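Asker: A predicted structure for the sequence below; I have some questions about it.
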Amino acid sequence: TLSGVFKMDTTAESYLDLFPLDAIVYLTPDSENVLEDIDPDKVYVLGGLVDESIHKQLTLRRAREQSLRTARLPIREYMVKAPNSRNYHSETLAINQVFDVLSTYYETRSWPAALRAGVSSRKGYVLPDTAEQ
């Protein structure tokens with residue numbers, strides 16, 4: 001696991017007060033920008049909501065209000081929609097799933113491996129090599 005690789009700290013201070021604006025990349029599934037690589041000189045903010053319902057564009061609006069650069073995980077670039085009975089497809093992930101994707105990508109430099117690690121098939125997306133299974 002990568003638990004020993006990442007230093008974590010908690011603070012009541014805002015990331016806006018801790019880091020320069022041009023170093024922050026706010027991750028939101030509503031961004032038009034695809035995260036292609038992880039830059040160690042950037043600070044990635046996982047745009048999350050403590051809520052059971054999905055509020056479309058809320059994290060994107062928050063990032064824009066703060067004049068932050070945004071990006072989304074490359075789910076639709078590397079995965080395909082899997083047929084399912086509910087016709088359900090969502091690119092919105094839980095914070096721990098986003099962290100799993102990012103940490104696996106950082107370790108492997110492989111988006112397919114990273115997305116396999118963090119995106120549950122319950123989201124309606126699968127890698128092309130597993131679409132027929």
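Answerer: It's in.
Asker: For the protein, just list every one of the helices.
Answerer: 15-18, 58-65, 75-78, 95-108, 111-118 (DSSP state H).
Asker: so for the third one, what's the average pLDDT?
Answerer: Just to be clear, that refers to helix 75-78. Regarding helix 75-78, the rounded mean pLDDT is 95.
Asker: re earlier: hey, least reliable of the helices of the chain by pLDDT?
Answerer: Comparing mean pLDDT across the helices of the chain, the lowest value falls on helix 58-65: a mean of 89.
Asker: Output the contacting helices and strands for it.
Answerer: On a contact count with 3 or more C-beta pairs under 8 Å, 6 or more residues apart in numbering; DSSP states H and E, helix 58-65 meets strand 24-27, strand 69-71. (Each C-beta comes from the backbone N, C-alpha and C, glycine too.)
Asker: Tell me the buried residues in that helix?
Answerer: Using 16 or more other C-beta atoms under 10 Å as the test for burial, helix 58-65 gives Thr59, Leu60, Arg62, Ala63.
Asker: Any idea which of the helices and strands packed on helix 58-65 gets closest to Ser90?
Answerer: Closest approach to Ser90 among these (C-beta to C-beta): strand 24-27, 15.4 Å.
Asker: who does that closest one touch, helix- and strand-wise?
Answerer: strand 43-46, helix 58-65, strand 69-71.
Asker: Now do the longest one: everything it contacts.
Answerer: Outside of helix 58-65, the residues within contact range by C-beta atoms under 8 Å, 6 or more residues apart in numbering are Tyr26, Thr28, Pro29, Asp30, Ser31, Val45, Gly47, Gly48, Leu49, Arg69, Thr70.
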